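Asks: A predicted structure for the sequence below; I have some questions about it.
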Amino acid sequence: MLYLSASVIILTQASETLANPDIGSLYPTLTSHSLELKPHNSFLLARAIFLPDTKDDLGFSRRDTGGADINRGDPCKGYTLFSCPTHGKCSSCMINTNKKKLDACSSPYLVSGNSCVCPQTVSLTYANDKCTQYCDGKCIKKTCDKTPNQTGCTNGSKACDDGCGGTARQCCVPCTDKITSKPANSNYTYSTCVDGEGSHQIQTGWACISGYHTKDSGCEKDCNATNCSGYALTSCPANAVCDKCTRTALNCSTDGTKYKLNSCNSGYYLSGNSCYPGCPTGKVDTDTYWCGFLKFWN
């Protein structure tokens, strides 16, 4: 229940001050007058007194600060804005809704004075950096997933970049040709190699083409192979006339000389694979003339 005191306080502030609509900035000069005096351009301000059991939802009693006068303090102190900043969440002064204060900012903006600003930006530095949140087109949060190790490497592994600034990852040693040159009349030989780029055929050696064989780190033309068929003797008998044949492989390697007996020297006769002196009894020798001459002479 509201009671007005009988006392009256006269305010003598100039009329131009009264034109200020901001009651929060009004601090009049107080002058006491008798009820009979009515100063020019003044007005009366009644004092409000609240009983102990009176509920004061608007805070006019100022019981919390010990105040006894509505004219003491500014109810809109701290409400310094006349519009809420972009991305801001504001509250209005209860006695002057045109005055506001910034309470918070919408995510991800942060309060900075009476404005809402973006958090500090982050740089996308590494290959696997990925921005997960933007503010005004700038990255403010990121993640980085490390690239997994490479496996199944033919040439072994080595430390490499994991895409996030680390070097603990294991990568395949790249596949490269084992040889890069070969002799004439040869072809490269290949084998399979696996690295981080997949499976490859790499040069690992060489082999002579058909008609050639390996000799002294090169390729030599093959020889005409012969096994000396019909040449049964390993040596030519004494006083014999023989044909010879050298056994030869395609690679031109030899394996000894073989002989075949054709005839005997003059004065010798052939018997089996040997030559004997004189003429055989009861047999006409191929050299009949000399056998007859020797018999006549003897």
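Replies: All right, it came through fine.
Asks: which intervals of this structure have sub-threshold pLDDT?
Replies: 1-72, 280-298 (pLDDT under 70).
Asks: Helices along that one, start to end?
Replies: 15-18, 288-297 (DSSP state H).
Asks: Give the bridge partners for G218, please.
Replies: K215 (DSSP bridges).
Asks: what's the spacing between it and P183?
Replies: 4 Å (CB to CB, to the nearest Å). For the C-beta atoms, the positions are set from N, CA and C on the backbone; glycine is no exception.
Asks: And T121, by the same measure?
Replies: T121 is 63 Å from P183, by CB to CB.
Asks: And for C175?
Replies: Using CB to CB, we find C175 at a distance of 24 Å from P183.
Asks: more crowded one of those two?
Replies: C175 (21 against 15; other CB atoms under 10 Å).
Asks: pretty sure the more buried one contacts H200?
Replies: Yes. Under the criterion of CB atoms under 8 Å, C175 makes contact with H200 at 4.6 Å.
Asks: any shared contact partners between these two?
Replies: C193, V194 (CB atoms under 8 Å, 6 or more residues apart in numbering).
Asks: these two touch, right, T180 and Q203?
Replies: Yes. Applying CB under 8 Å, one finds T180 in contact with Q203, separated by 7.0 Å.
Asks: Compare neighbour counts for these two and give me the winner.
Replies: Q203 (16 against 8).
Asks: got a list of what the more buried one touches?
Replies: Applying CB under 8 Å, 6+ apart to Q203 gives the contacts D177, K178, I179, T180, Y188, T189, Y190.
Asks: Report the buried members of those residues.
Replies: Neighbour counting over the contacts of Q203 (16 or more other CB atoms under 10 Å) leaves Y188 as the buried ones.
Asks: The closest residue to A127 other than its chain neighbours: neighbour count?
Replies: Among residues not flanking A127 along the chain, G163 sits closest, at 4.5 Å (CB to CB, 6 or more residues apart in numbering). For G163, the count of nearby residues is 16 (other CB under 10 Å).
Asks: for Y269, same thing?
Replies: 19.
Asks: And it, how close does it get to C236?
Replies: According to CB to CB, Y269 and C236 sit 17 Å apart.
Asks: where exactly do the strands run in the stretch 51-200 of the chain?
Replies: 88-92, 100-105, 110-112, 115-117, 129-135, 138-144, 157-160, 169-172, 186-195, 198-208 (DSSP state E, counting those that start in this stretch).
Asks: Export the longest one to PDB, keeping only CA atoms.
Replies: Output in PDB follows, covering the C-alpha atoms of strand 198-208 (Å, rounded to 0.1, in the frame of the first residue of the first chain):
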ATOM      1  CA  GLY A 198      50.900 -50.200 -56.500                       C
ATOM      2  CA  SER A 199      52.500 -53.200 -58.400                       C
ATOM      3  CA  HIS A 200      55.200 -52.600 -61.000                       C
ATOM      4  CA  GLN A 201      57.300 -54.700 -63.400                       C
ATOM      5  CA  ILE A 202      60.900 -53.700 -62.900                       C
ATOM      6  CA  GLN A 203      64.100 -54.700 -64.900                       C
ATOM      7  CA  THR A 204      66.100 -57.200 -62.700                       C
ATOM      8  CA  GLY A 205      68.400 -58.800 -65.300                       C
ATOM      9  CA  TRP A 206      69.000 -59.800 -68.900                       C
ATOM     10  CA  ALA A 207      69.100 -62.900 -71.100                       C
ATOM     11  CA  CYS A 208      70.600 -63.600 -74.600                       C
END
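Asks: Any buried residues in that strand, and which?
Replies: H200, I202, Q203, W206, C208.
Asks: next one: the second one
Replies: When burial is assessed from 16+ other CB under 10 Å, strand 100-105 yields the following buried residues: K100, K101, L102, C105.
Asks: ok, now which ones touch the first one?
Replies: Looking back up the chat, that one is K100. Y79, L81, F82, S83, C84, C90, S91, S92, C93.
Asks: Only whichever of these are buried, select them in PyMOL.
Replies: Command for PyMOL that selects the buried part of the contacts of K100, burial taken from 16+ other CB under 10 Å:
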select buried, resi 79+81+84+93
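Asks: quick check, nearest of the contacts of K100 to K260?
Replies: Nearest to K260 among those: C84, at 122.6 Å, using CB to CB.
Asks: Just the closest of the buried residues of strand 198-208 to N262, please.
Replies: Out of those, the member with the shortest distance to N262 (by CB to CB) is C208, at 39.1 Å.
Asks: wait, that closest one sits on S217?
Replies: No. Under the criterion of CB under 8 Å, C208 is not in contact with S217, lying 11.1 Å apart.
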